[in-house]
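Novice: below: sequence and its predicted model.
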Amino acid sequence: LMQMHSSYVVTDPKGTVLVECGKLLQKGRPKRDAKGNIVYRKGKDGKREIVREPYRIKVFNTIDFAKSMHYNPFAYISEKNREKDILKFVEVLIKNTSSSKQPSGDDFWVKAEKLLYTAYIALIFTIYPESEWNFETLIDLINSSECREDDEEFKNAVDIQFMGLECWLSDDYPDDKEIDDDYYKETLHILKEYKPDEEQQRLGAFALKQFKAYKLAAGKTAKSILISCSTRLAPFAIDEVLEITKYDELGLDMLGDELSALFVIISDTDATFNFLVAIMYSQLFNLLCTKADNSDGGRLKYHVRCLLDEFSNIGEIPNFEKLIATIRSREISASIILRSQPVWYCKLRASLRLYTKITQTRSKATVTRHYSLAERTRSFFLKMAKNQQYGNSINKEHILKKIIQQRIQEQFTLKVEKLKQNSKWIYLMNIKVA
């Protein structure tokens, strides 16, 4: 961080990195001219002083929401790719709010929830004002979706909105005399005042398809689906969470256009709100990749480096192994920081598979020194290294030489730091996408 050579996204457990480096980043790095020389100017006292480029500091704090900037995931569902972005958003939400012990038989309920979320979010973007594009509106729609097991013909407020949407898109309205429900009549009168544009036609038709698929469920089944949705979104019952997701201040799509430092403060003991962090990271990578693809040269203006501390605890980012293998050419890099064996055994296995995929794209790899670990964790890594066919010797230098020789043969660039002789230190392969 102190090198200040790029924009940063930092996972900051407990918020200590923000305190230590925030003032330095706020002061900024020295500005340089086209030749790389530092630019000076005349100060108030007549002395020459360095011209600086200050960083824009952003904070997303899931420990104390009162100290956080607002983050609204709905703000990053793009106009050009609304349907795709809605599906991606729902997928991330489901994955990061599901139990790891969820039985396979629950797959039906998950798919039914996806239909409902997709239909309601598409409805929000079709007929609701932009100020209501947030989680609060989504929860209101779910709470208004009353089902009656003994009355299949009952229409709740959301059913009526979709009925009105269908009439609005087809420009075919029933006669007022045929309408008994006052809310339905009022809804139609409001919609008649406007004509749907091309985007509303497309998105509205998408919402109707998803909603009709959900409505195939019987009353008892639909009620169970709604209970599952309400349970999943229970964290949003907290007023602070509703407030922080009401509108957006993070400007994730601007990280590659200006010098910025986004500090994502998460709890290392409570994972209740980590699904918000996972959604944020998922949208961040997608936004930056899309931004780079639409820029001259296919690169961002400023390199964006992501320092992902406590990677095991930030939730699941869909297709991350594919993202990290492709972001290098777009001026984006990610450093994954993991802890001891009990916490991230599964993550380590995944990262080994990830390493194979990355080397096939000829990305640079580095061998760096890691921190001191317990003897049990050291034995774990040595055993794992032998299982990866790097030799039977438990000598660290021998194992690393085997790794280096193999990578050189594959024509990859390897940088090796000097090894310490202390047996309590181990050295890990740490992927750094330059």
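Specialist: Nice, I can see it.

Novice: bridging residues for the residue nearest to M4 when sequence neighbours are not counted?
Specialist: Distances taken as CB to CB, 6 or more residues apart in numbering put R29 closest to M4, at 3.8 Å, once the chain neighbours are dropped. (C-beta placed from N, C-alpha, C; glycine too.) Bridge pairing for R29 (DSSP bridges) gives the partners E53.

Novice: which residues touch the residue lying closest to S295 once chain neighbours are set aside?
Specialist: Counting by CB to CB, 6+ apart, the nearest residue to S295 once its immediate chain neighbours are dropped is K301, at 7.3 Å. K301 makes contact with G256, D257, S295 under the criterion CB atoms under 8 Å, 6 or more residues apart in numbering.

Novice: over to D296: give its phi and psi.
Specialist: For D296, the backbone dihedrals are phi -60, psi 130 (criterion: degrees, to the nearest 10).

Novice: do the same with K47
Specialist: Note on K47: its backbone torsions stand at phi -90, psi 160 [degrees, to the nearest 10].

Novice: from K27, how far out is it?
Specialist: According to CB to CB, to the nearest Å, K47 and K27 sit 17 Å apart.

Novice: more neighbours, those two?
Specialist: The neighbour count for K47 versus K27, taken as other CB atoms under 10 Å, is higher for K27 (12 against 8).

Novice: give me the mean pLDDT for stretch 265-272.
Specialist: Averaged across stretch 265-272, the pLDDT comes to 83.

Novice: distance check, the residue nearest to S295 against E198.
Specialist: 32 Å.

Novice: same question, T221
Specialist: For T221, the distance to E198 equals 35 Å [CB to CB].

Novice: and these two? Which one has more around it.
Specialist: Taking neighbours as other CB under 10 Å, T221 and E198 compare with T221 leading, 16 against 7.

Novice: contacts made by stretch 176-188 with the rest, please.
Specialist: Residues beyond stretch 176-188 that count as contacts (CB under 8 Å, 6+ apart) turn out to be K155, A157, I160, Q161, M163, G164, C167, W168, Y173, P174.

Novice: and that stretch, what's buried?
Specialist: Residues Y184, K185, T187, L188 are the ones in stretch 176-188 that count as buried (16 or more other CB atoms under 10 Å).

Novice: one more: stretch 140-158?
Specialist: By 16+ other CB under 10 Å, the buried positions in stretch 140-158 come out as L141, I142, S145, C147, A157, V158.

Novice: from those, which two are the most distant?
Specialist: Pairwise distances across the buried residues of stretch 140-158 (CB to CB) peak at 13.5 Å, for the pair L141 and C147.

Novice: how about F65, nearest residue that isn't a chain neighbour?
Specialist: Once flanking residues are discounted, F65 sits nearest to E240: 4.2 Å by CB to CB, 6+ apart.

Novice: so how far is Y8 from the residue nearest to M4?
Specialist: Remark: distance between R29 and Y8 (CB to CB) = 12 Å.

Novice: looking at those two, which one has more neighbours?
Specialist: When R29 and Y8 are compared for neighbours, Y8 comes out ahead with 22 against 18, by other CB under 10 Å.

Novice: show me what contacts the more buried one?
Specialist: Contact partners of Y8, counting by CB under 8 Å, 6+ apart, are L1, L25, S260, A261, L262, V304, R305, C306, L307.

Novice: in strands, which of those appear?
Specialist: In strands, defined here by DSSP state E, the members of the contacts of Y8 are S260, A261, L262, V304, R305, C306, L307.

Novice: and the helices in the protein?
Specialist: Ranges of helices within the chain are 16-27, 82-95, 107-127, 135-143, 157-170, 182-192, 198-214, 219-232, 239-244, 274-293, 320-324, 341-359, 375-387, 396-409, based on DSSP state H.

Novice: these two touch, right, R41 and R48?
Specialist: Yes. Shown here, R41 and R48 form a contact pair, counting by CB atoms under 8 Å, at 7.4 Å.

Novice: returning to that earlier point: flag the least confident of the buried residues of stretch 140-158.
Specialist: Least confident entry in the buried residues of stretch 140-158, by pLDDT: C147, with 83.

Novice: okay but it is in contact with A222, surely?
Specialist: Yes. Counting by CB under 8 Å, A222 is a contact partner of C147 at 4.7 Å.

Novice: from W133, how far off is L191?
Specialist: Distance of L191 to W133, given as CB to CB: 18 Å.

Novice: and F206, by the same measure?
Specialist: Counting by CB to CB, the gap from F206 to W133 is 16 Å.

Novice: now K35. Its backbone dihedrals?
Specialist: Here is the backbone geometry of K35 (degrees, to the nearest 10): phi -90, psi 0.

Novice: what does the model give it for pLDDT?
Specialist: The model reports K35 with a pLDDT of 85.

Novice: now swap in the one 3 residues further on and tell me
Specialist: Here the pLDDT value assigned to I38 is 90.

Novice: that one - nearest residue in space that isn't next to it in sequence?
Specialist: Sequence neighbours aside, P30 is the residue nearest to I38 in space, at 4.7 Å (criterion: CB to CB, 6+ apart).

Novice: quick one, what contacts the one you found?
Specialist: The contact partners of P30, taken as CB under 8 Å, 6+ apart, are I38, V39, I50, V51, R52, E53.

Novice: doesn't I50 make contact with the first one?
Specialist: Read that as I38. Yes. Using CB under 8 Å, I38 makes contact with I50 at a distance of 6.0 Å.

Novice: identify the contacts common to the two.
Specialist: Common contact partners of I38 and I50 (CB under 8 Å, 6+ apart): P30, K31.

Novice: what about stretch 232-251, how long is it end to end?
Specialist: 27 Å (CA to CA, to the nearest Å).

Novice: how about that stretch: buried residues?
Specialist: R232, L233, F236, V241, I244, T245, K246, D248, L250, G251.

Novice: and if you look at stretch 270-280?
Specialist: Neighbour counts over stretch 270-280 (16+ other CB under 10 Å) mark A271, F273, N274, F275, L276, V277, A278, I279, M280 as buried.

Novice: pLDDT score for the closest residue to the third one other than its chain neighbours?
Specialist: Which is N274. The shortest distance from N274 to any non-neighbouring residue, by CB to CB, 6+ apart, is to G315 (4.7 Å). The predicted structure scores G315 at 72 on the pLDDT scale.

Novice: and for D151?
Specialist: Value for D151, per-residue pLDDT: 75.
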